[in-house]
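[1] what's the 3D shape of this:
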Amino acid sequence: QVTRTIRQYLAKSRSHLKAEVYEHLAFTDGLTELNNRLSFENDINECIGNNRPACISIDLNNLKRANDTMGHSAGDVLIRGIATVLREAVGKDGKIYRIGGEFVVLIHDITDYGIEKVLKRIEKCRVKYNEENNVNLDFAKGVSLYTEGDTTFENLVARADAEMYRDKRLTKKGRRDDYE
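    Here you go, the predicted model:
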């Protein structure tokens, strides 16, 4: 009887553990261990009810060049590098997602001043990472704060994406403003 109970308990434990592993795999990007698109889609609806959520969109500069000239493993190093920078800079202040080739940071209930502080921390961590790893990790970023006129959270993300692509164009033209 005791042996049977132990076996049943172990079977339930294994089943529960498998479910946790599958859930982790479903909501996590395999390369960076950040939240993935599915996690993002589940979380954005929660953001709408919060006061003043913000979105930061980030895209690595020169990733295609790194992949084409040094191979995809070099590109993966850059992708993991930006994930490290964002984890250190954002911490528990927000959630970080890797969605395709871009990164998105969602921060709940933040002021204009608060978002500036986060952007400065991201830049400081990027510089530190580059110095410690002897690389030139660079990225374009766009920021958007939720306003009363936003009808959906997708509007907020779209504005952040538009700002990010504007930053990318300015970077290529050599006229970028960094947060220092």
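
[2] export the helix or strand Ser57 falls within as CSV, just CAs?
    For Ser57, the host element (DSSP states H and E) is strand 54-60. In CSV, the C-alpha atoms belonging to strand 54-60 read as follows (Å, rounded to 0.1, in the frame of the first residue of the first chain):
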residue,chain,number,x,y,z
ALA,A,54,5.2,52.2,-21.4
CYS,A,55,6.7,50.3,-24.2
ILE,A,56,10.3,50.3,-25.4
SER,A,57,11.1,48.7,-28.7
ILE,A,58,14.7,47.7,-29.4
ASP,A,59,16.3,46.3,-32.5
LEU,A,60,20.0,45.4,-32.8
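
[3] OK, contacts around Lys168?
    Applying C-beta atoms under 8 Å, 6 or more residues apart in numbering to Lys168 gives the contacts 59, 61, 140. C-beta here means a position set from N, CA and C on the backbone, and glycine is covered the same way.

[4] how about the contacts made by the residue lying closest to Asn62 once chain neighbours are set aside?
    Nearest non-adjacent residue to Asn62, counting by C-beta to C-beta, 6 or more residues apart in numbering: Asp138, 6.8 Å away. Counting by C-beta under 8 Å, 6+ apart, Asp138 makes contact with 60-62, 126, 171.

[5] alpha carbons of stretch 156-163, as PDB, please.
    What follows is stretch 156-163, C-alpha atoms only, in PDB (Å, rounded to 0.1, in the frame of the first residue of the first chain):
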ATOM      1  CA  LEU A 156       1.300  52.000 -28.000                       C
ATOM      2  CA  VAL A 157       3.600  49.300 -29.400                       C
ATOM      3  CA  ALA A 158       3.100  50.700 -33.000                       C
ATOM      4  CA  ARG A 159       4.300  54.100 -31.800                       C
ATOM      5  CA  ALA A 160       7.300  52.600 -30.100                       C
ATOM      6  CA  ASP A 161       8.200  50.700 -33.200                       C
ATOM      7  CA  ALA A 162       7.800  53.800 -35.400                       C
ATOM      8  CA  GLU A 163      10.200  55.700 -33.000                       C
END
